[in-house]
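Novice: need a 3D model of the sequence below.
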Amino acid sequence: MGFKTILVIASLIFCSCTNTKSRNLENLRNEQLKELSDTLVVICNGEEYRLEVDYDQESKFIRVFNENKIYKRVNLPSQLDYSGFSLNGFLKTEKGFIVSVEYGSINYYQKEFYFQCKQNGFNLHQIRTSSFNKRDPSKESVQDSILSSQMSLKDFMFIPFLE
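Specialist: Residues are numbered from 1 along each chain as shown. Coordinates of the predicted model:
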């Protein structure tokens, strides 16, 4: 076999692997999205928290109730603020919950905000960012960021955490 033949075979194997990786990531993302919901009830320190998506004439937001009283209203960015912005939903975890959003046009981002139950209620402690360029989705990047000082759900806003 000549050098050119080996080079062609190696590039075909590489392309096949990256396409499989991209398909596997897409399948995993689709499975995760199936588990997400528009409302969620979670318990922290014996208190019930309910998250739900709500709308008014001008905006879309997450309304958080604690023991049936409004605890927090988190405004969602509009598609004018961040191209293609969408709330995927909420997912209950062993220690709290995740809020999943996505946005982007050519550069696509999916962010998962991980909230954990602590003594003072729920705190944002981790953000997972998956991103790729839609022209070359095989080069996906996933970054987990653990916050050095956790943010209370009461103080949370999306805008500071979006790129």
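
Novice: may I see the buried residues of stretch 131-139?
Specialist: 131, 132, 137, 138 (16 or more other C-beta atoms under 10 Å). Where you see a C-beta, it was placed from the backbone N, CA and C, and this is true even at glycine.

Novice: pull the number of nearby residues for residue 35.
Specialist: Residue 35 has 12 neighbouring residues, counting by other C-beta atoms under 10 Å.

Novice: which residue packs closest to it, ignoring adjacent ones?
Specialist: Spatial nearest neighbour of residue 35, excluding adjacent residues (C-beta to C-beta, 6 or more residues apart in numbering): residue 91 at 5.7 Å.

Novice: helix or strand: which one has the one you found?
Specialist: strand 86-92 (DSSP states H and E).

Novice: what's the longest strand in this protein?
Specialist: strand 136-152 (DSSP state E).

Novice: using PDB, write out the CA atom coordinates for that strand.
Specialist: C-alpha atoms of strand 136-152 as PDB (Å, rounded to 0.1, in the frame of the first residue of the first chain):
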ATOM      1  CA  ASP A 136     -18.900  21.700  11.900                       C
ATOM      2  CA  PRO A 137     -20.900  20.100  14.600                       C
ATOM      3  CA  SER A 138     -18.400  17.300  15.000                       C
ATOM      4  CA  LYS A 139     -16.200  19.700  17.000                       C
ATOM      5  CA  GLU A 140     -18.400  19.900  20.100                       C
ATOM      6  CA  SER A 141     -17.000  21.300  23.300                       C
ATOM      7  CA  VAL A 142     -18.300  20.500  26.700                       C
ATOM      8  CA  GLN A 143     -17.200  22.500  29.700                       C
ATOM      9  CA  ASP A 144     -18.200  22.100  33.300                       C
ATOM     10  CA  SER A 145     -17.800  25.100  35.600                       C
ATOM     11  CA  ILE A 146     -18.000  24.800  39.300                       C
ATOM     12  CA  LEU A 147     -18.800  28.100  40.900                       C
ATOM     13  CA  SER A 148     -16.300  29.100  43.600                       C
ATOM     14  CA  SER A 149     -18.900  31.000  45.500                       C
ATOM     15  CA  GLN A 150     -22.400  29.500  45.000                       C
ATOM     16  CA  MET A 151     -25.300  31.800  44.100                       C
ATOM     17  CA  SER A 152     -28.600  31.600  45.800                       C
END
